[in-house]
Structures are given as structure tokens and as C-alpha cells.
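Chemist: Could you look at this predicted model? Sequence included:
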Amino acid sequence: MKEQNGTNQSGLDTFEHVVVLMLENRSFDNLLGYLYDDKKGVPKGCKFEGLQGKTIKMPVPKRAKDFDKHKFVEPREAQDYHQPYPDPGEVYQHVNTQIYNHVDNHEEVQGDDPEGNGNIGVEACKMKPPYNIPNPKPTGDKLMKGFVNDYINTLDALGKVKEGKIFNKHTVDYTNPGYDLYNVIMQCFRPEQIPVLTTLAKDFAVFDHWFCSVPSQTWCNRAFWHAGTSGGEVVNPTDECGLKEKGEAMKNWIDKVWSQPNLFQRMKGKNVTHAVYIQDIFSLTSLVTGLFKDENVRYTGKRLCRFKRDLRRGRLPQYSFLEPKFLGQHNDQHPSSAAPSIDDGPTRVGTVLLGERLIYDVYNSIRKSRKYRDKTLFIITYDEHGGCFDHVTPPSAVPPHPDMVGDKGFKFDRLGVRVPMVMISSFIEKNTIVNDQFDHSSFIKTMCEKWRMKGLTDRDKKSNSFGHIFSKKKRKWPKIPKPRVPRVKESTYLNDPLNDLQKSILVAADHLARENQKTTALFMAEAPAVENIQTVGDAMKHLKKIKDLIPGS
């Protein structure tokens, strides 16, 4: 691998097509921390910032009911493909606690606090400034020590919302959780548990300092991947504390984010063909960036039929962005949610295993293509860490625009937590470990270099490019074992509670349908209010009804 030194056009010339599979809500340590924790260890001459050889003790806050017995929690092997369950906190307020190990008490919060708890045991949407940022901030080895603290706070808030609601013998009381509940936040996957991703990481390139762009959740980080900014937004556009018909948050998102120039527009200007392949009836990418007018959304289904057909028929775009399935039997690897109004229980088949199968299907489809295999760069990555444990402190960052101050006072001057990043190409040597610092805007930087396009924001213009990772020597794509996934009917997922991402898709689509001039008042009067939609099945039913009311869908 070459040293990074400006534009490396020879490396960028090794591929003509780029396929990106962006999955959901996993940190680097959660999936790849144990990558080289075996007898062979890290390849000779390489460095790898994983969990191997490290002793990490995540402190338990003194308010925990079993603090006398458990002062800390260490990383350990994930007990199943659902972990961490329930879904950790992923919004800005929670990530601050994870990084700084601080939850604002009554004396620290700004504004009214009639209950006197500050941000302790409170839903994220009800948390108050300064949003769990202590003054002064901790430094050095005191950072990244708040994952147990935050998970306890997340579970405690969930328990208070669920308080007194007993459904069956499986119902769990999350209020003031003990070790048996909060230890799962430190569970990480061994290579043998996720052999598809880890085999590809070792056989090709793994990046151990790739950070998501914002210390928060899905929409803002997916916006950064294609626009180099989230327009100042730091949370998904669901209205405060749940689903509201007014759609004020989505109105605000459209105004601030859809107006930003994005990579798709740059590609269109340079005649670079591009498409978004989707497995659900709506494209999340379109909702995030406002892509409807380009008419480049292709429905491929969970079996990737359209994507595979385009490979066979020689119709693969120069840039393909693959969305996983977000609804139903979702293979996005997003942790399962517990809800205040529905029986407890994670998804039938663990989302991590379902995601393994998806990665395998995409990889194998490209590997079998004689036309495209040696011309394609395949990227596997994640939008954000989703509250999952990681031990590396996010570094400072260049704001997208000078003097930028966004939602909740965030200045976009620091990155989010590390996420897995694996790149596959016929021109990437085995055991390539990339230690340079990157974030999602580095993808924009590299694509702009590849196709000689103008950058978008100060963030992507000043980020690092990964054009230096390619070699001149061509190699084969090895065969890898197909993961075994139990067969479960889609209908068994219909009563699952909605996670925050699924809620955001529902809110956004519903808002666009109601704003459409073709929408009749009678139709929307008969449609259920989004706050009354509690399950995946009801959400999917509503989305199908309004699909034709969404421009470009």
C-alpha cells in the first residue's frame, strides 16, 4: 500500500464502478474489535487498533443498584446475534454521555426541571441543555468511559415509560437495571460469529480509524455520506418524543438538508451513472437527500433481483448505493427495539446474522460477474455506531461551513464514533490495514478525485482520500462460505415495535404524502394518525397505501 500523498489517480483508475452497502448502527469494536485477537495476531509490520491485548474496564455509575457488586464491565463475546438488546441510545445527547461519561443532574440542566432528575432516567427527546456535556470536559483516558452509564440511563428511561405495563411472562422491568441487563452493551462479536465480514476484512482492506461524521444517529450521518453536511441537523426528523402528524421536523429537514448540493447532483453533471437500490417500498436515501427528481431509485427486493440482473445484463451504474431492508425482517443489522406498548422480545432472527447474509449475497454477486468483478470497488460500511461500545475517542473535525452552529448548539467540529469500513477490490492486497483518519466525507473526497468533480463543503474538501490503498497487482476474489440463516416468515415480524429509524421513515413519508396536492382530504382523514401506528405491520400497511402519493416513489 502506498503512502497517502495528494491525489493518487493511478489507484483510482483501478476501478470503474463503485458499489456501497451501508448498514446500520454498529461500532468498530462491536463487529471488528476482535478481528486479530487470535494466535496469529496482527500481520507482521502492521498496526491494528482493536481490542487485542487490551484491558478495558467500563465503569458502572454509582447510582446503579448493584454498584457494590459490579464496579465495571469488560468487553466480552456477544451471546447471540441480537446484542445489544434492547437498542442502545444513539442520539446526540446519549453519545455525549458515552464519550464523556456524564449525565446532567438537576443542578446542571438549563430550564425547568419539575421532576428534579435532570437528564437521569429521561427519554432523549426530553433531555435539556447542555445535553450531557460536562464542564470541564474530561480528557485522555477518561474519555469513552460512559457506555455502561448511558445504557443504564437508556434502559431506566424505557422502564419508566413502560412502568406498570405487564403483558406476559416475558415482560421485562428495565427500571433501575442491574448487571444482567446493562452488561450487554459491552458485548462484541468474535470473527467466527460473523465470518463473512471478518473474512473480507482480512482478505482485503479494513480501516481502523474511519469515523461517522456526526456524534449522533442515522439521518445526519447518511446525509454526510452524500452531501458532506446535514444542514445543521443532528437527530432524525421524528417530532419531539415520538410521532406527530404535523411533521414539523420533516419540514425543517427538507428546508435545511434537501437544499444542500449533493454527490448525486455532481455525478449527474459529469454524466456519471448512478442508482440507489432499495429493498423496501421507500428509499431512505431519497428521504434524506431529496433525490426523487433524478428517478434513479431501483427496487431490488431482499433477494437483490434487480441488482443481480443489472450485473448480468451489463447495466451496472458507475455508482451503486445499496440500502438494506429497514422494515420487517430487517437485514440492516440495526439492534432490535423494546417498546412501551408492546411485548418484549428481539427480532426472530438476529439482525447481525441477517446482515451477514446480505453482505455475502452482494459480494458473491459481484465476484461471479466476469464483466464487473475486476472493475468494481465494493465498500461495506455503517452509517453510525448506534450506541454500541467503542474504545477510540473521536477526533476533531473541520465544520462543513465556517462558524457553523447547528441544532442543540453543536458546531460540527468533532466526529462521531468509529464504524466498520471494509473495502474490496481486485487491486487491494490481502491484510491491508489502513490506519489513516477518515470520516464519511472522505468518500465524497475520493469520488470527486476519481471523476474530477467539484467538492461540496469544507469538510469533504479537507478530508483524506483513500486513493492510496490500491496496488497494481490484480488478485482473485476468494470464495467464502454462505451463512446459514433460519427461515422465518415475514409475517412473524409484523407485531414488532418500531425502532427510531423505522419511525423516522414513517414520519417522513407520511408528511410528504400529506403535502402532496393530489392527496385528497378524505383519504388522509381516513388514514391513521402516525402517533397511533405502533407496529412494523401497521407501518408497512400505511406506507403501501401512501406510496403513490410520494413524488418519484
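Modeler: Done, it's in. Residues are numbered from 1 along each chain as shown.
Chemist: The chain: strands as residue ranges?
Modeler: Assigned by DSSP state E, the chain shows strands spanning 17-23, 58-59, 72-73, 76-77, 187-188, 205-207, 210-211, 274-278, 297-299, 319-322, 376-382, 421-424, 432-434, 438-439.
Chemist: Show me what the first one is packed against.
Modeler: Packing partners of strand 17-23 (3 or more C-beta pairs under 8 Å, 6 or more residues apart in numbering; DSSP states H and E): strand 319-322, helix 351-367, strand 376-382, helix 441-450. Yep, even glycine has a C-beta here, placed from its N, CA and C like the rest.
Chemist: got these as TSV, with mean pLDDT columns?
Modeler: Below are those laid out as TSV (pLDDT from 0 to 100):
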stretch	mean pLDDT
strand 319-322	98
helix 351-367	98
strand 376-382	99
helix 441-450	99
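Chemist: out of the ones you listed, which comes closest to Val91?
Modeler: Each of these was checked against Val91 via C-beta to C-beta, and the shortest separation belongs to strand 376-382, namely 16.4 Å.
Chemist: Direction included, what does that closest one pair against?
Modeler: The sheet places strand 376-382 alongside strand 17-23 (parallel), strand 421-424 (antiparallel), with pairing taken from DSSP bridges.
Chemist: Looking at these, spot the one closest to Asp255.
Modeler: Within those, the stretch nearest Asp255 is strand 17-23; the backing value is 24.6 Å (C-beta to C-beta).
Chemist: Return the distance of that closest one from the chain's centre.
Modeler: Mean C-alpha position of strand 17-23 versus that of the full chain (C-alpha atoms, centre = their mean, to the nearest Å) differs by 14 Å.
Chemist: what do you get for stretch 491-507?
Modeler: The offset between the C-alpha centroid of stretch 491-507 and the centroid of the whole chain comes to 16 Å, using C-alpha atoms, centre = their mean.
Chemist: Alpha carbons only: can I get that stretch in CSV?
Modeler: Only the C-alpha atoms of stretch 491-507 are listed here, as CSV (Å, rounded to 0.1, in the frame of the first residue of the first chain):
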residue,chain,number,x,y,z
SER,A,491,-45.5,-12.1,8.8
THR,A,492,-43.9,-13.1,12.1
TYR,A,493,-42.3,-9.6,12.3
LEU,A,494,-45.5,-7.6,11.8
ASN,A,495,-46.1,-7.1,15.5
ASP,A,496,-42.6,-5.9,16.3
PRO,A,497,-42.2,-2.5,17.8
LEU,A,498,-40.9,0.3,15.6
ASN,A,499,-37.3,1.4,16.2
ASP,A,500,-36.4,5.1,15.9
LEU,A,501,-35.2,4.7,12.3
GLN,A,502,-38.4,3.0,11.2
LYS,A,503,-40.4,5.7,12.9
SER,A,504,-38.4,8.4,11.0
ILE,A,505,-39.2,6.7,7.7
LEU,A,506,-42.9,6.6,8.6
VAL,A,507,-43.0,10.2,9.7
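Chemist: ok so, going back, mean neighbour count and distance to Val19 added to the helices and strands packed on strand 17-23, as a markdown table?
Modeler: Conversion of the helices and strands packed on strand 17-23 to a markdown table gives the following (neighbours: other C-beta atoms under 10 Å; distance: least, C-beta to C-beta, whole Å):
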| stretch | mean neighbour count | distance to Val19 |
| --- | --- | --- |
| strand 319-322 | 24 | 5 |
| helix 351-367 | 22 | 7 |
| strand 376-382 | 24 | 5 |
| helix 441-450 | 24 | 12 |
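Chemist: related to what we said a few turns ago, nearest to Asn135, out of the strands of the chain?
Modeler: Across the strands of the chain, Asn135 has its closest neighbour in strand 58-59 (19.9 Å, C-beta to C-beta).
Chemist: Do me a favour and average the pLDDT over that closest one.
Modeler: Strand 58-59 carries an average pLDDT of 98.
Chemist: Give the pairing partners of it; include direction for each.
Modeler: Using DSSP bridges, the strands paired with strand 58-59 are strand 72-73 (antiparallel).
Chemist: how many neighbours does Gln279 have?
Modeler: When counting by other C-beta atoms under 10 Å, one arrives at 24 neighbours for Gln279.
Chemist: Relative to Asn236, how far out is it?
Modeler: 20 Å (C-beta to C-beta, to the nearest Å).
Chemist: do Lys450 as well
Modeler: Distance of Lys450 to Asn236, computed by C-beta to C-beta: 30 Å.
Chemist: What of Ser426?
Modeler: For Ser426, the distance to Asn236 (C-beta to C-beta) stands at 37 Å.
Chemist: who's more crowded, the two?
Modeler: Set side by side, Ser426 and Asn236 show unequal neighbour counts under other C-beta under 10 Å, the larger going to Asn236 at 24 against 19.
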